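**Student:** Have a look; sequence and predicted model below, questions after that.
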Amino acid sequence: MKRKKIVAYLVILVAALCYVEIDTSQFAAEKTAIINVNKDELFQFLILPDTVERWFRMVTHFRSADMKSMIPGKRFQVVYPLPMLGNHLMLLRLVKFDPQYSQVVLESDCFFKTRVEITAVPFGPHDCSSNLTIKLTFRQKSALFQWTIAPVLQYNALQHLNHSITLLNKMVPA
């Protein structure tokens, strides 16, 4: 009888945590680095769909999913591997594109509700370097998700972001 009560309480707790919403920004994976390239040149390199797979190895496929120009609403098709589950297809929607401030924001409505923000600002004398920030947020607001799966995703994303920054430092045309 005690076991049934414990199981019932656990089920109630899990159900409650599924419906409790929390701030998702605390589980964002964010990396900032100085890249020795002008912010405009860096930004132009970063927004080319054909280069994303080369510097962001978390993604195995990144292509435009429509014929729109780089305006909010444009869609991109992304494939990335999930451990033990194989490849996962996700559609990202461009929600902000500001070339003047070298900022791009992409969002997905898939289960993880991924948000990718990339910003490059001038750094140093004569603006010959850039301060690049890449931020991945998993916007799934469920407390159960944010306290269980999100920390694992955040850790994995941080590893990939570190690797991406290293690759970008080697790749960008100096």
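**Tutor:** Cool, got the structure. Numbers count the residues shown, from 1 in each chain.
**Student:** now the residue nearest the centre of the chain: how far from residue 4?
**Tutor:** Most central in the chain under Cα atoms, centre = their mean is residue 136, positioned 3.0 Å from the mean C-alpha point. Per Cβ to Cβ, to the nearest Å, residue 136 is found 41 Å from residue 4. C-betas here are computed from N, CA, C, even on glycine.
**Student:** Please apply the same query to residue 169.
**Tutor:** 58 Å.
**Student:** Ok, residue 170 next?
**Tutor:** In this structure, residue 170 and residue 4 are 59 Å apart, going by Cβ to Cβ.
**Student:** ok so, going back, the residue nearest to the centre of the chain and residue 122, how far apart?
**Tutor:** Applying Cβ to Cβ, the value for residue 136 to residue 122 is 24 Å.
**Student:** what's the weakest-modelled helix or strand in the chain?
**Tutor:** Using mean pLDDT, DSSP states H and E, helix 2-19 stands out as the lowest-scoring helix or strand of the chain, at a mean of 61.
**Student:** and after the longest strand along the chain, which helix or strand comes next?
**Tutor:** The residue-count maximum for a strand in the chain (DSSP state E) belongs to strand 86-98. Using DSSP states H and E, the next helix or strand after strand 86-98 towards the C-terminus is strand 103-107.
**Student:** Quick one: distance of that following strand to the chain centre.
**Tutor:** Relative to the centre of its chain, strand 103-107 is centred 9 Å away, using Cα atoms, centre = their mean, to the nearest Å.
**Student:** Just the buried positions in it, please.
**Tutor:** Residues 103-107 are the ones in strand 103-107 that count as buried (16 or more other Cβ atoms under 10 Å).
**Student:** who does the helix or strand just after it touch, helix- and strand-wise?
**Tutor:** Counting by DSSP H and E, the element after strand 103-107 in chain order, helix or strand, is strand 114-123. Contacts defined by 3 or more Cβ pairs under 8 Å, 6 or more residues apart in numbering; DSSP states H and E place strand 114-123 against helix 39-46, strand 86-98, strand 103-107, strand 129-138.
**Student:** and the third one, what's its mean pLDDT?
**Tutor:** Computed over strand 103-107, the mean pLDDT rounds to 91.
**Student:** got the angle between it and strand 114-123?
**Tutor:** Interaxial angle of strand 103-107 relative to strand 114-123 (axes from the mean of the first three to the mean of the last three Cα atoms, to 10 degrees): 170 degrees.
**Student:** The first one now?
**Tutor:** On the basis of the same axes, to 10 degrees, helix 39-46 is oriented at 150 degrees to strand 114-123.
**Student:** Equivalent analysis for the second one, please.
**Tutor:** Relative orientation of strand 86-98 and strand 114-123, computed by the same axes, to 10 degrees: 50 degrees.
**Student:** Neighbouring strands - and their directions - for strand 86-98?
**Tutor:** Partners of strand 86-98 in the sheet, by DSSP bridges, are strand 75-82 (antiparallel), strand 103-107 (antiparallel).
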